[in-house]
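Colleague: generate coordinates for the sequence data below:
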Amino acid sequence: MIKNLTLVQQEFFHLMTIFVFMKSKIFTDQQIDRIIEMAWEDRTPFDAIQFQFGLAEADVKALMKKELKFRSYVLWRKRVENCSTK
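Modeller: Next comes the predicted model:
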């Protein structure tokens, strides 16, 4: 991250990066909650999330990283890596 930025500027930069990365998709809080719920479910493949919300696997990972606490994100990533249905 660029040094000498205020905390607000850093957060803004981070959010804009996520926004651009997710191909300018804007979701309601309910939609974000549903995406997170589907991502946590072992039986829901990333293809289902992409079909319903238009988010590729990398976009879901970026959203999860933004929305979850760091430790929760790490646990989720380990779980996804070991899940054969994802």
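
Colleague: so F46 is in contact with V60, correct?
Modeller: Yes. Contact status for F46 versus V60: in contact at 6.1 Å, counting by C-beta atoms under 8 Å. In this view, the C-beta of every residue, glycine as well, is placed from N, C-alpha and C.

Colleague: for the spatially most central residue of the chain, give me the pLDDT.
Modeller: Central residue of the chain (C-alpha atoms, centre = their mean): L63, 1.6 Å from the mean position. pLDDT for L63: 93.

Colleague: what helix or strand is it located in?
Modeller: Assigned by DSSP states H and E, L63 belongs to helix 57-67.

Colleague: buried residues in that helix?
Modeller: By neighbour count on 16 or more other C-beta atoms under 10 Å, the buried set for helix 57-67 is D59, V60, K61, A62, L63, M64, K66.

Colleague: check stretch 77-84 too.
Modeller: So for stretch 77-84, counting by 16+ other C-beta under 10 Å, buried means V80.

Colleague: same check, this time on stretch 30-40
Modeller: For stretch 30-40, the neighbour count (16+ other C-beta under 10 Å) marks I35, I36, M38, A39 as buried.

Colleague: tell me the gap between that stretch and the middle of its chain.
Modeller: Taking C-alpha atoms, centre = their mean, to the nearest Å, one finds stretch 30-40 lying 9 Å from the centre of the chain it belongs to.

Colleague: hang on, the earlier thing: what's the closest of the buried residues of helix 57-67 to Q30?
Modeller: L63 (14.0 Å; C-beta to C-beta).

Colleague: quick check, that closest one in contact with L55.
Modeller: Yes. Assessed by C-beta under 8 Å, L63 is found in contact with L55 at 6.9 Å.

Colleague: which SSE is I36 in?
Modeller: helix 29-40.

Colleague: so what touches the next helix or strand after that helix?
Modeller: As assigned by DSSP H and E, the chain's next helix or strand after helix 29-40 is helix 46-53. The contact list for helix 46-53, computed with C-beta atoms under 8 Å, 6 or more residues apart in numbering, reads K25, F27, Q31, I35, M38, A39, L55, A56, E57, V60, K86.
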